[in-house]
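Visitor: what follows is a protein structure lacking sequence information:
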Ligand SMILES: Cc1cc2nc3c(=O)[nH]c(=O)nc-3n(C[C@H](O)[C@H](O)[C@H](O)COP(=O)(O)OP(=O)(O)OC[C@H]3O[C@@H](n4cnc5c(N)ncnc54)[C@H](O)[C@@H]3O)c2cc1C
């Protein structure tokens, strides 16, 4: 019998088995590679630089990089941790259902993967390591260290990168994303629109359905140096690991605290008021896609009613129906953007005679392209090899991408030296009141409380609280970005930091003076006060006349002077009223 030859897939933000380039490569009967591979070993590693794993056996002691750089927040909340664990353990279940398994570890991939390879080489060989191409600093650095570590084992041992994160794949872009992503979204969209059309999309989503997976190798004992991490046992349950990982967070609550529901060490239930009543697994993501977009059936299209009103309803605030709620699955890759784009494209085709439905369905693609836009601009401005960017990523800098833009109007650029520096010990500090949901503006406070209680906030809410922090309270936008990073179950480095730059006026678009009027926004998007009363029960008996405007009295909309909407399509920003 021939010796085992193992194909390793290191999962990062691609926690799924559908549309998996690696799974396809290792099993595609027409490829030479697949015929040479006898075993398929998928693995996921909780990176100790991003998560405090110190309570798990053989872990390294806590390091400071597990706190955020500007405001010293935790880098994850219990909600976010739970969502991630659901995605990882859901992936293990999905592999097990298909006859395979998932190896789960904690520590540093560039330490654990070489140890694993040495173990596998005792009984056979390793074909190579495949992983998703990532674009953000920490992940790119990790991949580069892993590549070097593999090279030390053998120059033949390669780290191969799969391009599988964006909706539009890199190799069909009509520009080089490392240097030339257009600065303005509309210009970008015009270049890529249509590339995700049905035919192209179908070819981009790989299908391994129905194929029996290659065996998961027998591993025995893998030696890991002392204090360098370990592997989670095959029979360890998600609940056990959650308790170990959440303990350091519960021990040290951040400014604004954690939700009451996550104060214990057992996995919290979904909040009964949550707009996103979903767990993070692939099964839940695919289920939600079906619920929202529907699917083709022999009798025509089945479902999709929510998608057919997407554009009209996407700015809602209460309940699960008003927008996809798939951002968390897209961020962790437990749903593939290409699989989603393909399904939405099919529905779009199906409703081609119904112009109202078609416009609504199309808008989902429009928003998915925003996600791509932030990924590609991150590549353009963060890759050290590009002429635009001489050293490190400016995604996280106070001046943002704008510092690299020659056509940026510098007189309008916000001045970091004018920003208020938070004093967390002062209960009246404006940044602290923002984090705690105590600014005194009910619409802002309701949103901040929803974030703390559920780990999610609507796009409308995010735009308003971001604008308020930066443009009304003059706080460094990175405090807000880090606060969102800690709490959001859908945290995505490019989308979060990119959107914050955009709101703060330090992004790569030429406008810096966007500002929302949260009172006008509250009247426009929460006219009956249902949302504010949901998250601020102490205001439930306050009359509509005072609810959004506690220091005045609202007799008619005309009684409050607002400046005009400037008509921007994505953000609907309003002047400073
Ligand atoms: C300050 C700020 C921070 C944000 N941080 C994040 C983040 O960390 N992660 C994240 O996924 N989104 C972020 N967004 C974008 C947006 O708010 C969320 O993607 C959206 O609210 C998620 O809800 P949904 O899945 O129901 O979206 P839908 O309205 O159903 O949109 C479908 C998908 O399109 C993408 N999308 C929609 N709007 C945007 C956008 N403005 N930028 C990028 N992608 C978009 C998302 O993947 C989303 O799931 C942020 C926006 C702001 C203003």
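Guide: Received it, and whenever you're ready, just let me know what you need. The structure displayed is predicted, hence computed values, not measured ones. Residues are numbered from 1 along each chain as shown.
Visitor: tell me how far the residue in the stretch 151-300 of the chain that the ligand sits nearest to lies from residue 326.
Guide: Here the residue of the stretch 151-300 of the chain nearest the ligand is residue 276; by CB to the nearest ligand atom that distance is 7.6 Å. For glycine as for every other residue, the C-beta is placed from the backbone atoms N, C-alpha and C. Distance, residue 276 to residue 326, by CB to CB, to the nearest Å: 9 Å.
Visitor: secondary structure class for residue 143?
Guide: Recorded secondary structure, residue 143: helix (DSSP: H, G, I helix; E, B strand; the rest coil).
Visitor: so what pLDDT did the residue of the stretch 151-300 of the chain closest to the ligand get?
Guide: pLDDT recorded at residue 276 is 95.
Visitor: any residue of the helix or strand hosting residue 187 touching the ligand?
Guide: Assessed by DSSP states H and E, residue 187 sits inside helix 185-192. No - Helix 185-192 stays clear of the ligand (CB under 6 Å from any ligand atom), getting no nearer than 9.3 Å.
Visitor: begin at 232 from now on, thanks
Guide: With the count now opening at 232, the last piece we talked about shows up as helix 416-423.
Visitor: which residues are in contact with that helix?
Guide: Applying CB atoms under 8 Å, 6 or more residues apart in numbering, the set of residues contacting helix 416-423 from outside is 399, 404-406, 412-413, 597, 600-601, 603-604, 607, 740, 801.
Visitor: how does it look with 10 Å?
Guide: With contact meaning CB atoms under 10 Å, 6 or more residues apart in numbering, helix 416-423 is reached by 397-399, 403-406, 411-413, 415, 596-597, 600-601, 603-605, 607-608, 733, 739-740, 800-801.
Visitor: show me how to select, in PyMOL, the buried members of those residues.
Guide: Per 16 or more other CB atoms under 10 Å, the buried members of those correspond to this PyMOL selection:
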select buried, resi 397+398+399+404+412+413+596+597+600+601+603+604+605+607+608+733+739+740
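Visitor: the contacts of helix 416-423 also near the ligand: which ones?
Guide: The subset of the contacts of helix 416-423 within reach of the ligand, by CB under 6 Å from any ligand atom, is 601, 605.
Visitor: among the contacts of helix 416-423, which lie within strands?
Guide: If you go by DSSP state E, those have nothing in strands.
Visitor: can you tell me how far residue 299 is from the ligand?
Guide: 14 Å (CB to the nearest ligand atom, to the nearest Å).
Visitor: ok, residue 396 - contacts?
Guide: Counting by CB under 10 Å, 6+ apart, residue 396 touches 243-245, 363-366, 561-562, 564, 567-569, 602-603, 606, 723, 725.
Visitor: which ones among these map onto helices?
Guide: 561-562, 568-569, 602-603, 606, 725 (DSSP state H).
Visitor: coming back round to it: how about the helix holding residue 418: buried residues?
Guide: Buried-residue list, helix 416-423, by 16+ other CB under 10 Å: 416, 419-420, 422-423.
Visitor: return the member of those residues nearest to residue 318.
Guide: residue 423 (27.5 Å; CB to CB).
Visitor: how close does the closest one get to residue 249?
Guide: From residue 423 to residue 249 the distance is 23 Å (CB to CB).
Visitor: next one: residue 544
Guide: Look at residue 544 and residue 249: by CB to CB, they are 27 Å apart.
Visitor: which of those two has more neighbours?
Guide: Taking other CB atoms under 10 Å, residue 544 and residue 249 do not tie; residue 249 has more neighbours (19 against 14).
Visitor: now that one. Its backbone dihedrals?
Guide: phi -80, psi 150 (degrees, to the nearest 10).
Visitor: go ahead and confirm it touches residue 566.
Guide: Yes - using CB atoms under 10 Å, residue 249 is in contact with residue 566, at 8.3 Å.
Visitor: helix, strand or coil: sort out residue 237 for me.
Guide: strand.
Visitor: show me where the stretch 332-481 of the chain has helices.
Guide: Remark: helices assigned in the stretch 332-481 of the chain by DSSP state H, counting those that start in this stretch are 340-354, 368-384, 416-423, 429-435, 469-482.
Visitor: pull out the buried residues from the second one.
Guide: Along helix 368-384, the positions that meet the burial threshold by neighbour count (16+ other CB under 10 Å) are 368, 370-371, 373-374, 377-378, 380-381.
Visitor: let's have those in a markdown table, adding pLDDT and distance to the ligand.
Guide: Written out in a markdown table, the entries for the buried residues of helix 368-384 read as follows (pLDDT from 0 to 100; distance: CB to the nearest ligand atom, whole Å):
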| residue | pLDDT | distance to the ligand |
| --- | --- | --- |
| 368 | 88 | 16 |
| 370 | 93 | 15 |
| 371 | 92 | 18 |
| 373 | 95 | 20 |
| 374 | 96 | 21 |
| 377 | 98 | 25 |
| 378 | 98 | 27 |
| 380 | 98 | 30 |
| 381 | 98 | 31 |
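Visitor: touching the ligand at all, the host helix or strand of residue 755?
Guide: Per DSSP H and E, residue 755 falls inside helix 749-756. No - Helix 749-756 lies out of reach of the ligand by CB under 6 Å from any ligand atom, never closer than 12.7 Å.
Visitor: how far off centre is that helix?
Guide: On the basis of CA atoms, centre = their mean, to the nearest Å, helix 749-756 sits 27 Å off its chain's mean C-alpha point.
Visitor: which strands and helices sit next to that helix?
Guide: In terms of contacts (3 or more CB pairs under 10 Å, 6 or more residues apart in numbering; DSSP states H and E), helix 749-756 is packed against helix 673-685, helix 690-698, helix 761-766.
Visitor: close to the ligand: what parts of this protein are there?
Guide: Residues of the chain lying near the ligand (CB under 6 Å from any ligand atom): 545, 554-558, 561-562, 595, 598-599, 601-602, 605, 689-690, 693-694, 697, 715, 719, 721-723, 726-727, 730-731, 734.
Visitor: so where's this protein shaky on pLDDT?
Guide: Along the chain, segments meeting pLDDT under 70 span 232, 294-296, 427-434, 441, 614-623, 637-641, 784-808.
Visitor: which residue ranges make up the domains of it?
Guide: Domain assignment for the chain by automatic domain parsing gives 232-395+469-500, 513-612, 631-804.
Visitor: where exactly do the strands run in this structure?
Guide: For the chain, the strands defined by DSSP E occupy 236-242, 270-278, 334-338, 356-363, 390-393, 460-463, 526-528, 531-533.
Visitor: what distance do you get for residue 420 to residue 538?
Guide: In terms of CB to CB, residue 420 sits 20 Å off from residue 538.
Visitor: residue contacts, residue 275?
Guide: Counting by CB under 10 Å, 6+ apart, residue 275 touches 240-243, 245-246, 315, 318-320, 322-323, 333-337, 340, 463.
Visitor: for it, give the beta-bridge partners.
Guide: For residue 275, the beta-bridge partners are residue 242, residue 335 (DSSP bridges).
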